[in-house]
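Student: any chance you could fold what I've pasted below:
(2 chains)
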Amino acid sequence: MSNEQDLYTIIGVSPNALDEDIRRAFRQASMRLHPDVNKNPGAINQYRDISAAYQILGDAQARQKYDQRYHTRPETPEYFSLRVTPSKRVLTKMDEPQVLYLLVEIIPDRTIERSKLVSPVNVCLVVDRSTSMNGVRLERTKYAAHQIIDQLGEHDVVSVVAFSDRAEVLIKAAPLADKNAAKVMVTTLTANGGTEIYQGLQTGYDEIKRYLGRNYVNHMVLITDGRTYGDEQECLNLAEQAAQDGIGISAMGFGEEWNDSFLDRIASRTGGYTEYIRSPSAVVRFLNERIRSLGDALAERLTLSLAPDPDIVVESAFRLIPTPQPVTVDADPLQLGQLQPKMNTSVLVQLQMPALRHQGFRSLMRIVASGDIMWENHTLHQVVTDTSIEVRDNPPDEDPPLAILDALGKLTLYRMQQKAVESIQKGDVREATRKLENLATRLLAAGQEDLANAAMAEARRVSQTHALSDEGQKNLKYGTKMLLLATSQDRRDNER
Amino acid sequence: MKVCPFCAHGNREGVLFCEECGQVLFGGDLTATRKLARSTVQLEGKNTWGTARFSQHAVIMLQVRDNPNMVEIKPGTETTVGRYDPSSSVRPTIDMSTYGGYENGVSRMHAIIRRGEDTLTLIDLGSANGTHLNGQRLVPNQPRVLRDGDEVRFGKLVCRVFFKMIENNT
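Tutor: As a prediction, this is how the structure comes out:
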């Protein structure tokens, strides 16, 4: 019962609505979201839920039965809510497509007691032991692993997998009984062989699965310094499977050679994030932070489903808070990882609106946020909201909201850096140089001198050698991403 | 289409930063935007869209669309919004009947603005045509925090809400 969804919320009517209201609400939803008119994956998912709810609420007898249970069910608190802010409140009537941004914030109920909220973790460290990790990288990683083992409690499950061309389980997934024995196992790790990430991920996934459950925060942390060849697709398939099982994957890359855009895709699909580790000693801090934040969740397996009207295109989404990360929009729902008890999770969504030829109010998108609440009965909490916007001939002049401007200004820098990389991959050196120079200009204007210099240096390098340096590329990518983090921290301070 | 003044790239309407070169494409004052990009903290206290804090000495300024007059409201613990109907005895604190409430589908008891410790929340009372906060339809009886500059729509009646500090003369 506790995991049963509120059918009235799904249809979008109040529990004392008349049968006629329910029918009307369902008909309106069908017009927007039925698979015959709307091919968007979010619309397909949401329509399935709506029609399932209507099967019951649309049938007088079934509804009566449902109502009996509905009215006796325990009152659940509103663990989190949704707030949507558009970049414009009134759109201009025009014959060409236009862009609209939505800031979607998932807001935790801040009155919930923090002490209740230490969730047990089921975490697997997947450590690259290829030859290149030899020396200080592997040593610092071991040290970090030791610290994590010390930090975790008796209810936490930990496993460690090491991989090169093949993978081996160093510590089998189990509640930590003997910390010293576990640490010794980590100490025995030596470097040898190549890098085949799929081997590591698959073995780690099998370990996580042994304790997979809703009462755990299930997360895999991949630590690598190299590229994997030939098994990328298998890795992505595995990430897809992990996302469905509710397992997050984060990746930490040492040095310059690891394939960050590939690992980004894995992390984005599962709600995790990627981190660039410039100096080996930083791995200790990053890994500790990652594991500590894992246990501190109000909700886990947070997802966002976006069902736009059929004529609207969701172009991109980017998670701004808690950790900046692009989110893939070609699959529904979007995986957002976890919701922390005192911090909003926010996502900036870019929409393309069709030519708008009529004045008046029109619907935009139905949004559903879901997450597993990490204590009490581990209930699924779901929030549904419907958004609409006004179209007019001459909308009043107004500045976009600060929160959107600020985030978008920095996101633009991140995107420019990505576009420069794309141009190089296409072999367009002139274009890439120009983009990097533009990026340098913008970075300078934003007061980021170091990054601006790095962009200039890369622009020169590209024009001469037709390639970015691995180091410079990662510097720019993670540097511009860090700017977004600064934004979210500013906002967090401001957040009440 | 908006042509970027810096790189002449044609951006779609609504794009805020040129997709090609990152040039700011809205408003006229470029130096002002640079300031915003650095930190949002400096803007505290200004009348901008987004502040949720509603202090003890603040009042609500309500502007109904296409009506030049602002209504000043000192919110009590609960302020009701609706449309007075002579045939019923209840009278909402804010009566929208003079602003075309009937034509725009405002219910008799449409919504409540509730005053918390230092925030205001807006609650839809299960009105027939709904309450929208910045385009987001409110679920009946679920409170939502109101922020300075928010646009609230009761049925089809569009209002802007501003917070105004009043001087403390004690």
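Student: where exactly do the helices run in chain B?
Tutor: B:30-38 (DSSP state H).
Student: same check on the stretch 351-496 of chain A?
Tutor: Taking DSSP state H, counting those that start in this stretch as the criterion, the stretch 351-496 of chain A carries its helices at A:402-425, A:429-445, A:449-465, A:470-494.
Student: is any residue of the third one near chain B?
Tutor: No: under the criterion of CB under 8 Å from any CB of the partner chain, helix A:449-465 makes no contact with chain B; the nearest approach is 11.3 Å. Where C-beta positions appear, they are placed from N, C-alpha and C, glycine not excepted.
Student: how far off centre is that helix?
Tutor: 30 Å (CA atoms, centre = their mean, to the nearest Å).
Student: okay, the angle between it and helix A:402-425?
Tutor: 20 degrees (axes from the mean of the first three to the mean of the last three CA atoms, to 10 degrees).
Student: what residues sit buried inside helix A:449-465?
Tutor: By neighbour count with 16 or more other CB atoms under 10 Å in any protein chain shown, helix A:449-465 contains the buried residues A:451-452, A:454-459, A:461-462.
Student: which of these sits closest to A:E75?
Tutor: Of all the buried residues of helix A:449-465, A:L451 has the smallest distance to A:E75: 50.6 Å, by CB to CB.
Student: the closest one touches A:A445, doesn't it?
Tutor: No: the criterion here is CB atoms under 8 Å, and A:L451 misses it with A:A445 at 11.5 Å.
Student: need the overlap of contacts for those two.
Tutor: Here A:L451 and A:A445 have no joint contacts, going by CB atoms under 8 Å, 6 or more residues apart in numbering or on different chains.
Student: contact partners for the nearest residue to A:P310 once chain neighbours are set aside?
Tutor: Closest residue in space to A:P310, ignoring its immediate chain neighbours: A:N38 at 4.2 Å, by CB to CB, 6 or more residues apart in numbering or on different chains. Counting by CB under 8 Å, 6+ apart, A:N38 touches A:32, A:44, A:47, A:307, A:309-310.
Student: check which residues of the host helix or strand of A:Q55 are buried.
Tutor: A:Q55 is part of helix A:41-57, with elements assigned from DSSP states H and E. Neighbour-count burial for helix A:41-57, counted by 16+ other CB under 10 Å, picks out A:41-43, A:45-47, A:49-51, A:53-54, A:57.
Student: how about these in JSON lines, adding distance to A:L189?
Tutor: Shown next, in JSON lines, are these (distance: CB to CB, whole Å):
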{"residue": "A:P41", "distance to A:L189": "42"}
{"residue": "A:G42", "distance to A:L189": "43"}
{"residue": "A:A43", "distance to A:L189": "48"}
{"residue": "A:N45", "distance to A:L189": "43"}
{"residue": "A:Q46", "distance to A:L189": "47"}
{"residue": "A:Y47", "distance to A:L189": "50"}
{"residue": "A:D49", "distance to A:L189": "47"}
{"residue": "A:I50", "distance to A:L189": "51"}
{"residue": "A:S51", "distance to A:L189": "53"}
{"residue": "A:A53", "distance to A:L189": "52"}
{"residue": "A:Y54", "distance to A:L189": "56"}
{"residue": "A:L57", "distance to A:L189": "57"}
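Student: rewinding a little: does anything pack onto the helix holding A:Q55? Which helices or strands?
Tutor: If you count contacts as 3 or more CB pairs under 8 Å, 6 or more residues apart in numbering or on different chains; DSSP states H and E, helix A:41-57 packs onto helix A:7-11, helix A:19-33, helix A:60-72, strand A:299-308, strand A:360-373.
Student: of those, which is nearest B:G101?
Tutor: strand A:360-373 (16.9 Å).
Student: does the strand ranked longest in chain B come close to chain A?
Tutor: Using DSSP state E to define each element, chain B has its longest strand at strand B:157-165. Yes: Strand B:157-165 is in contact with chain A by CB under 8 Å from any CB, via B:V158.
Student: packing partners of that strand?
Tutor: Going by 3+ CB pairs under 8 Å, 6+ apart, strand B:157-165 lies up against strand B:58-64, strand B:151-154.
Student: what lies in contact with the shortest one?
Tutor: When contacts are taken as CB under 8 Å, 6+ apart, the neighbours of strand B:151-154 outside the stretch itself are A:89, A:361, B:81, B:96, B:101, B:104-107, B:110-111, B:122, B:127, B:129, B:131-135, B:146, B:158-161.
Student: tell me the mean pLDDT over that strand?
Tutor: Averaged across strand B:151-154, the pLDDT comes to 93.
Student: what do you get for stretch A:8-20?
Tutor: 86.
Student: just the CA coordinates of that stretch, formatted as PDB?
Tutor: The C-alpha trace of stretch A:8-20 is given here as PDB (Å, rounded to 0.1, in the frame of the first residue of the first chain):
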ATOM      1  CA  TYR A   8      -5.800  11.300  -8.500                       C
ATOM      2  CA  THR A   9      -2.500  13.100  -8.700                       C
ATOM      3  CA  ILE A  10      -1.600  11.200 -11.800                       C
ATOM      4  CA  ILE A  11      -4.800  12.200 -13.600                       C
ATOM      5  CA  GLY A  12      -4.500  15.700 -12.100                       C
ATOM      6  CA  VAL A  13      -7.900  16.000 -10.400                       C
ATOM      7  CA  SER A  14      -8.900  16.300  -6.800                       C
ATOM      8  CA  PRO A  15     -10.000  13.200  -4.900                       C
ATOM      9  CA  ASN A  16     -13.600  14.600  -4.700                       C
ATOM     10  CA  ALA A  17     -13.800  15.300  -8.400                       C
ATOM     11  CA  LEU A  18     -17.000  14.300 -10.300                       C
ATOM     12  CA  ASP A  19     -16.800  11.300 -12.700                       C
ATOM     13  CA  GLU A  20     -17.300  13.800 -15.500                       C
END
